[in-house]
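Trainee: Quick one, fold the following:
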Amino acid sequence: MKCEFLLALFFVGVLSCAGQEYSKADSFKISLIWPNSYCLTNDHDCRPSVPQYFTINGLWAVGSDGEVMENCKTGYYLTDKIITTNKVDLLKFWPDLSTYNFQDSKKLWKSQWETYGSCAADLMLAEGYISKAMNLRQSHNLYQILTNAGIVANGSSYKADRILTAIRKSTKFMVDIVCETDRVGNVYLSEVIQCLDNHGKEFVDCENKANNCDKDPIFPDPLFTSAAVKARRNASPMKRVTKIHA
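Mentor: Here you go, the predicted model:
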């Protein structure tokens, strides 16, 4: 009887540990970035041309504490075969903005799976994780939504509330946006984050937050980006004159 009791305690302990290591997500988020803003606010150089549409930054599992889950234990891997099978979509919608090289880009996708995808492994394997991110990204054309609302990528600044409202009206769900600041203090629209349920299937409301948007963020186009990057390389402060749209 004593042995049976100890054995039961052992299995309870194993299950408890397993629950901690493989804890299920409470919700999901997909982050989409505006490539021009990424190139303006990161220290490393981008490739000569980047997509003029929102690309995938990451698909994240979120724990019950509201924090993005990272580096969960899993026996599943994002293999070269899976990457090659999805090569066209990955290069187009989840690109490494620093390079055109497919082989070099593999580091980005494998890192995303190991860091974030591993925490969704109880719902989807690596190939399913990529497909899920692609499908979610294409659910809403954020660039077109903003353009239709008069929020045009031309180097102008727009109020954060206006950006949030435009996306909410079109998608029927609240999102969060993230702004980033360059070396001379210009603030850019960097990310749009959309929230999903605990299965990653249905969109749900985010908190309608504008993170780090202390100033009206700029929505840059290639010409604005090229001039700003050139100024940064020349190490001379860039003076900007932008229109503010109410």
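Trainee: roughly how far apart are the closest residue to Gly200 other than its chain neighbours and Gln144?
Mentor: Using C-beta to C-beta, 6 or more residues apart in numbering and skipping residues adjacent in sequence, the residue nearest Gly200 is Phe28, 4.2 Å away. Glycine gets a C-beta too; all of them are placed from N, C-alpha and C. Taking C-beta to C-beta, to the nearest Å as the criterion, Phe28 is separated from Gln144 by 23 Å.
Trainee: So between those two, which is more surrounded?
Mentor: Phe28 (28 against 11; other C-beta atoms under 10 Å).
Trainee: and the more buried one, helix, strand or coil?
Mentor: For Phe28, the reduced secondary structure class is strand; criterion used: DSSP: H, G, I helix; E, B strand; the rest coil.
Trainee: pretty sure it contacts Ile193?
Mentor: No: Phe28 is not in contact with Ile193 according to C-beta atoms under 8 Å; the separation is 10.7 Å.
Trainee: what sits against the residue most central in space within the chain?
Mentor: Centroid-nearest residue in the chain, with C-alpha atoms, centre = their mean: Ser31, separated by 2.4 Å. Ser31 makes contact with 56-60, 178, 191-193, according to C-beta atoms under 8 Å, 6 or more residues apart in numbering.
Trainee: ok, 6 Å please
Mentor: Contacts here follow C-beta atoms under 6 Å, 6 or more residues apart in numbering; on that basis Ser31 touches 57-58, 191, 193.
Trainee: and it, what element?
Mentor: Ser31 belongs to strand 27-33 when assigned by DSSP states H and E.
Trainee: can you check Ser37 too?
Mentor: Assessed by DSSP H and E, Ser37 sits inside helix 35-41.
Trainee: Are there helices or strands packed against that helix, and which ones?
Mentor: In terms of contacts (3 or more C-beta pairs under 6 Å, 6 or more residues apart in numbering; DSSP states H and E), helix 35-41 is packed against strand 187-196, helix 222-233.
Trainee: where are the low-confidence patches of this structure?
Mentor: 1-23, 44, 232-233, 235-246 (pLDDT under 70).
Trainee: mind redoing it with 80?
Mentor: Low-confidence segments of the chain (pLDDT under 80): 1-23, 43-45, 228-246.
Trainee: now the residue nearest to Gln112 when sequence neighbours are not counted, which residues is it bridged with?
Mentor: What sits nearest to Gln112 in space, not counting adjacent residues and going by C-beta to C-beta, 6+ apart, is Gly58, at 5.9 Å. Partner residues in beta bridges with Gly58, using DSSP bridges, are Ser31.
Trainee: Make 491 the first number, not 1, from now on.
Mentor: Happy to do that; since the first residue is 491 now, the last one works out to Gly548.
Trainee: so what's Gly548 up against?
Mentor: 521, 602, 606.
Trainee: which SSE is the second one in?
Mentor: Using DSSP H and E, Gln602 maps to helix 592-605.
Trainee: list the helices and strands that helix packs on?
Mentor: For helix 592-605, where contacts count as 3+ C-beta pairs under 6 Å, 6+ apart, there are no packed helices or strands.
Trainee: try 10 Å this time
Mentor: Packed against helix 592-605, as judged by 3 or more C-beta pairs under 10 Å, 6 or more residues apart in numbering; DSSP states H and E, are the following elements: strand 545-552, helix 570-575, helix 577-583, helix 616-627.
Trainee: Just send these back as TSV, with distance to Gly690 too.
Mentor: Written out in TSV, the entries for the helices and strands packed on helix 592-605 read as follows (distance: least, C-beta to C-beta, whole Å):
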stretch	distance to Gly690
strand 545-552	8
helix 570-575	18
helix 577-583	17
helix 616-627	6
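Trainee: If you tally nearby residues, what's the number for Glu557?
Mentor: Neighbouring residues of Glu557 were enumerated by other C-beta under 10 Å; the total is 10.
Trainee: List phi and psi for it.
Mentor: According to degrees, to the nearest 10, the main-chain angles of Glu557 amount to phi -90, psi 150.
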